[in-house]
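A.B. asks: Pasting a predicted model and its sequence here:
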Amino acid sequence: MDALDTALLRLLLEEPRAGMREYARVLGIARGTVQARLARLEREGVIAGYGPRLQPSGLGYPVLAWVNLHLAQGRLDEVVGLIERMPEALEAHTIAGGEGDLMCRVVARDNAHLEEVIQQLLRMPGVVRTQTQIVLRERVRHRMLPLVAQLDRRSAAPDR
């Protein structure tokens with residue numbers, strides 16, 4: 001990653017709908033260079049995808065919770081496969097050093113629906129028990145711009 005890569009990433013995050021021609025204009029480079037850089041960043045896994053960021057509450061799912069699942073040994077892949085089929089399960093991460101083995105971010109229409117979602121998780125073969133934390137209010141949204149800005153500062157720092 002060089003300064004041009006981080007500048008391009010910053011533009012993608014700040015103006016995601018601007019388009020290649022505008023990115024090239026702002027950066028003072030050819031559109032082909034923008035395309036080549038983006039293709040490389042995609043191949044390297046820096047850019048994971050494109051698209052709008054949807055808000056679950058806007059889709060009728062205002063309740064957000066983190067559910068930690070305690071699993072029976074050897075059942076991780078099976079449980080993950082079942083979780084992938086649940087529309088209310090937005091993401092799942094294996095964890096270490098905390099409560100449980102797998103942490104899931106789930107959404108629900110209301111608290112009664114959240115209970116149904118948790119019960120569905122508990123019925124999965126391999127799930128021993130769960131622990132749930134209900135989110136009251138989001139304080140810091142998912143963000144990447146400060147991380148990219150930090151890369152900018154690192155690449156601008158003189159070598160020591």
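C.D. replies: Now that the structure is in, tell me what you want to look at.

A.B. asks: pLDDT weak spots in this protein?
C.D. replies: When the per-residue scores of the chain are filtered using pLDDT under 70, the ranges that remain are 154-160.

A.B. asks: The closest residue to Arg10 other than its chain neighbours - how many residues pack around it?
C.D. replies: Leaving aside its sequence neighbours, Arg10 sits nearest to Val148 (CB to CB, 6 or more residues apart in numbering; 5.3 Å). All C-beta atoms are positioned from the backbone trio N, CA, C, and that covers glycine. Other residues within reach of Val148 by the criterion other CB atoms under 10 Å amount to 21.

A.B. asks: need the strands for this structure, in chain order.
C.D. replies: Assignment of strands within the chain using DSSP state E yields the ranges 63-71, 89-94, 102-108, 127-134.

A.B. asks: Show me which positions of the third one end up buried.
C.D. replies: For strand 102-108, the neighbour count (16 or more other CB atoms under 10 Å) marks Leu102, Met103, Cys104, Arg105, Val106, Val107, Ala108 as buried.

A.B. asks: hang on, the earlier thing: isn't the residue nearest to Arg10 right up against Asp5?
C.D. replies: No. Here Val148 does not reach Asp5: they are 9.4 Å apart, not a contact under CB atoms under 8 Å.

A.B. asks: hmm, who's touching stretch 101-119?
C.D. replies: If you take CB atoms under 8 Å, 6 or more residues apart in numbering as the criterion, stretch 101-119 is touched by 56, 60-71, 76, 79-80, 83, 86, 88-95, 121, 130, 132, 134.

A.B. asks: Filter those residues down to just the buried residues.
C.D. replies: Buried positions within the contacts of stretch 101-119, assessed by neighbour count (16+ other CB under 10 Å), are 56, 61, 63-65, 67-69, 71, 79-80, 83, 88-89, 92, 121, 130, 132.

A.B. asks: what's the spacing between the residue nearest to Arg10 and Ala24?
C.D. replies: When distances are taken as CB to CB, to the nearest Å, Val148 and Ala24 turn out to be 19 Å apart.

A.B. asks: Relative to Leu38, which of the strands of the chain is closest?
C.D. replies: Closest to Leu38 of these is strand 89-94 (CB to CB; 24.7 Å).

A.B. asks: Report all helices and strands that that closest one contacts.
C.D. replies: Using 3 or more CB pairs under 8 Å, 6 or more residues apart in numbering; DSSP states H and E as the contact criterion, the neighbours of strand 89-94 among helices and strands are helix 76-83, strand 102-108.
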